[in-house]
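1. pasting a predicted model and its sequence here:
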Amino acid sequence: MTCAISFTLPERLFCGILLRPRYRSQGEFPAMFSSRILIRTAQFALLTGSLLLSSVLAAQTPAFVSFDAPGAGTAKGQGTFQGWINSSGVVATSYVDSNNFLHGMVRAANGQITEFDAPKSIETSVEGINSKGQVIGWYVNDTDTATYGFLRSPSGVMYSFSVPGASFNEPRAINDSGVVIGDYNLDLNHPHEGFLRDASGNYTLFDVAGAGTAPSQGTFPVAIDAGNAVTGYYIDSSNVAHGFFRDASGNITSFDMGTATYPYAINTGGQVVGVYNETGHNEHAFLRDAEGNLSNIDASGASQTNTYSINDSGLICGNIIGGLGKATPAWRDASGVYHSIALPQPNSGGSANSINNNGRMTGSWTDADGVYHGFVR
């Protein structure tokens, strides 16, 4: 089924937020989050031992800054998670406190951190930021336990929004025009469907042909570019993931690599990066160019490569996993060479999650005690 329906939605104004991130984690997820973590979450092992990739990754020594929300917990599974960075170096992300409650936070380029919580929310997930400093995500209301989208202005004013009739709304990304994409479902007995919400609050709803119609199946938009082209994945009736590209006119093309395909990011040139699986569930990185050509971009010698973000110059970031199972954050330059990002010692791994057009990155790493910390580089 494919639909394109527009709605104008009355907005509810609120301030604050309380958070559970839908994060791509380098470690174990707290049990309280497991029911809502998306398939796109790229997990990687927290095995001990050294990462033997010296022949694969070029040595790098640029500035690395680790940061934590003031209210972040310090026990295993708590802390500050990976987020998104905009063109000004502002990071939007999430953290878990010592009582295992989730909250949102924004870190300014000068390092100043602002934490926020939505009134009457059970949990909230920060999902993206644009160059204007608008932050989007979702929260769970404590009265009806429905999931609503939110948009936080640079000044901290927050707006709630929801696809009409939907019980679950999960915004995934926002571009500089204020267009938000994500998925929704009517209730837990229905599949996920895609939405595009413009800056005036009008909705366009869509499905990818071939998307399954059972719970946990359907269409999952993940990223949007400056011209409103969208990429993401859909789960078919056999629970297999396929990538898709939706152009600004609404035309949808599906694509596959391996046995499952998960696009994660798109740049203004129409290049898409993400992860695909092969038999045995090993994760590999792919690049889809503007003409639709697909190529493997694994780091040579790595057992697994995950790519999560691409900027307009074609620089890519993510993580690389060595033979002993430990992940290290890394980025790929325009010539295709991967460079490691050194983490504080001791650590249990990490990942770079977002890269801006200045080449600045953000992500998270886990210390030896299983506590998460954010970083910029």
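-> Happy to help now that I have it.
2. for stretch 131-143, C-alpha coordinates in PDB please.
-> What follows is stretch 131-143, C-alpha atoms only, in PDB (Å, rounded to 0.1, in the frame of the first residue of the first chain):
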ATOM      1  CA  SER A 131      21.900  23.700  11.400                       C
ATOM      2  CA  LYS A 132      19.400  26.100  13.000                       C
ATOM      3  CA  GLY A 133      19.700  24.200  16.300                       C
ATOM      4  CA  GLN A 134      16.200  22.700  16.100                       C
ATOM      5  CA  VAL A 135      16.200  19.400  18.000                       C
ATOM      6  CA  ILE A 136      13.700  16.600  17.300                       C
ATOM      7  CA  GLY A 137      12.800  13.300  19.000                       C
ATOM      8  CA  TRP A 138      10.000  11.600  20.700                       C
ATOM      9  CA  TYR A 139       8.600  11.200  24.300                       C
ATOM     10  CA  VAL A 140       6.100   9.000  26.100                       C
ATOM     11  CA  ASN A 141       3.300  10.700  27.800                       C
ATOM     12  CA  ASP A 142       2.600   9.600  31.400                       C
ATOM     13  CA  THR A 143      -1.200   9.800  31.100                       C
END
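3. quick check, distance from it to the centre of its chain.
-> 14 Å (C-alpha atoms, centre = their mean, to the nearest Å).
4. for that stretch, which residues meet the burial criterion?
-> By neighbour count with 16 or more other C-beta atoms under 10 Å, stretch 131-143 contains the buried residues 132-141. For every residue, glycine as well, the C-beta is placed using N, CA and C.
5. stretch 261-272 too?
-> By 16+ other C-beta under 10 Å, the buried positions in stretch 261-272 come out as 261-267, 270-272.
6. end-to-end on stretch 273-292?
-> 12 Å (C-alpha to C-alpha, to the nearest Å).
7. what are the buried residues along that stretch?
-> 273-277, 283-288.
8. what sits up against that stretch?
-> With contacts defined as C-beta atoms under 8 Å, 6 or more residues apart in numbering, stretch 273-292 is touched by 42, 44, 231, 243, 245, 253, 255-265, 269-272, 294-299, 303-310, 316, 318, 321.
9. in strands only, show me the buried residues of stretch 131-143.
-> 135-141 (DSSP state E).
10. now those in JSON lines, with pLDDT and distance to F67?
-> Formatted as JSON lines, these follow (pLDDT from 0 to 100; distance: C-beta to C-beta, whole Å):
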{"residue": "V135", "pLDDT": "97", "distance to F67": "17"}
{"residue": "I136", "pLDDT": "96", "distance to F67": "21"}
{"residue": "G137", "pLDDT": "94", "distance to F67": "19"}
{"residue": "W138", "pLDDT": "91", "distance to F67": "24"}
{"residue": "Y139", "pLDDT": "91", "distance to F67": "23"}
{"residue": "V140", "pLDDT": "85", "distance to F67": "26"}
{"residue": "N141", "pLDDT": "86", "distance to F67": "30"}
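11. adding distance to Y95, write those residues out as a markdown table.
-> Output for these, formatted as a markdown table (distance: C-beta to C-beta, whole Å):
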| residue | distance to Y95 |
| --- | --- |
| V135 | 14 |
| I136 | 17 |
| G137 | 13 |
| W138 | 16 |
| Y139 | 15 |
| V140 | 17 |
| N141 | 21 |
